[in-house]
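1. What follows is a predicted protein model with its sequence.
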Amino acid sequence: MGPRELGLPMQVASPEPGELPTEVTIWEVGARDGLQNEKEVVPVEVKLEFLQRMADAGLGVLEATSFVRPEWVPQLADAAELLAGLERAPGVRYPVLVPNARGLDRALESGVRDIAIFAAATETFTQRNLNRSLDEQFVMFDPVVQRAVGEGLAVRGYVSMCFGDPWEGAVPVEQVVSVGKRLLEMGCWQLSLGDTIGVATPGHVEALVRAFVAAGVGVDRLAVHFHDTYGQALANTYAAVRLGVSTVDSSAGGLGGCPYAKSATGNLATEDLVWMLDGLGLKHGVDLGKLVETSVWMAERLGRPSPSRVVKALGTAEASGS
Ligand code: HMG
Ligand code: MG
């Protein structure tokens, strides 16, 4: 079931500077971004089943956890235990967040081959999230990236607060491009542009993507990461995809948030993204029915319904048999 079956017109024109891709990689962050903000710590067995179910639903990239300081994010303090219990599905990647040398040691001990460092475009947020200034974050990340790349790991670079910061307000596009370029120069293979507090709108997204392209960073190096605080995440994703961005971060059922950012709510729901990609005829590899079942199952574990519109629509219809 998808929007095509409803017989709606789906044609879109290809814009500059990129073109609408034929395929989108969904970078599923539910197990990490989704669960890091939960009030109660989710049992490791539930996290493992969640990952297993998402792999069964066809998701090819499952950001699994973070090797951050456990006192900072107790929800993910079980990272080593989780990876020890993880049955890796064939062909599925399981990246993790790593902030520093200690985190990289722990990730390597757990057999990780795919990591992400997480920078920010603003001074206040680097202080609050990393206990470092904007410049100091690079001093912390640089040796991590050098060692990881030297050991053959793939390193993704997040940039948080790309569109607005709850303490500093609007964030200049040039500031974001400058931070992003430093991460690429360090050795990151991809940048994920984060709207941590969900304030972006499509015109702003377009301006940022175009600014990266103008600065020599192709859309093939960019991913987008939208939180849905103001209901703009899907529209923002569409703006980026139309410009050729072909990696999109989302979380099953719309779980998510950041414990160190006021007003950060859930990520773009993967089900809402899949519905839109189906409508556009873009390949993604996900079985929407299985994913909705997973999010309904997870919502029962968390004791509250999923905020995803598609989970509400399909989950209810399935449950009632209508
Ligand atoms: P710090 O307190 O400055 O740590 O934290 P430190 O470097 O001063 O070290 C103090 C002690 O912590 C040492 O132990 C270290 O070994 C230990 P001691 O010598 O005193 O016994 N330590 C660690 N232990 C285990 N694992 C580690 C680790 N590091 C230090 N990795 C730090 C600095 C960066 C570690 C801290 O600020 C931190 O963990 N921050 C992470 C915050 C976080 O996870 N935020 C959420 C993820 S970001 C996000 O959600 C945004 C994103 O989704 C994109 C978007 O939406 O925009 C990605
Ligand atoms: Mg996030």
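-> Looks like it arrived, so ask away. Residues are numbered from 1 along each chain as shown. Ligands and ions are numbered 1, 2, ... in the order given.

2. Neighbours of the residue in the stretch 51-200 of the chain that ligand 1 sits nearest to, how many?
-> Relative to ligand 1, the nearest point of the stretch 51-200 of the chain is residue 194 (2.4 Å; CB to the nearest ligand atom). (C-beta placed from N, C-alpha, C; glycine too.) Using other CB atoms under 10 Å, the number of residues around residue 194 comes to 29.

3. my guess is it meets residue 161, correct?
-> Yes. Here residue 194 reaches residue 161: they are 7.0 Å apart, a contact under CB atoms under 8 Å.

4. Which of the three states applies to the spatially closest residue to residue 188 that is not a sequence neighbour?
-> Nearest residue to residue 188, sequence neighbours excluded (CB to CB, 6 or more residues apart in numbering): residue 157, at 3.5 Å. Secondary structure for residue 157, judged by DSSP: H, G, I helix; E, B strand; the rest coil, is strand.

5. which residues does residue 157 contact?
-> Contacts of residue 157 were listed using CB atoms under 8 Å, 6 or more residues apart in numbering, and they are 116, 117, 118, 119, 180, 183, 184, 186, 188, 190, 191, 192.

6. ok but residue 53 is inside a helix, no?
-> Yes. Counting by three-state DSSP, residue 53 is part of a helix.

7. let's have the chain start at 10 instead
-> I'll keep to 10 as the first residue from here, and by that count the last item is residue 62.

8. Spit out the contact partners of it.
-> Residue 62 neighbours (CB under 8 Å, 6+ apart): 299, 302, 303, 306.

9. And it, what's its pLDDT?
-> According to the prediction, residue 62 has pLDDT 98.

10. And it, how far from residue 262?
-> If you measure residue 62 against residue 262 using CB to CB, to the nearest Å, the figure is 11 Å.

11. who touches both of the two?
-> Common neighbours of residue 62 and residue 262, counting by CB under 8 Å, 6+ apart, are residue 303.

12. in stretch 142-160, what's buried?
-> Buried residues in stretch 142-160, counting neighbours by 16 or more other CB atoms under 10 Å, are found at 143, 146, 147, 149, 150, 151, 153, 154, 157.

13. and the last one, what does it touch?
-> Contact analysis of residue 157 by CB under 8 Å, 6+ apart lists 107, 113, 124, 164, 196.

14. picking that back up, farthest pair in the contacts of residue 62?
-> Pairwise distances across these (CB to CB) peak at 10.4 Å, for the pair 299 and 306.

15. Quick check, residue 198 in contact with residue 164.
-> Yes. Because the distance of 6.6 Å satisfies CB under 8 Å, residue 198 is recorded as touching residue 164.
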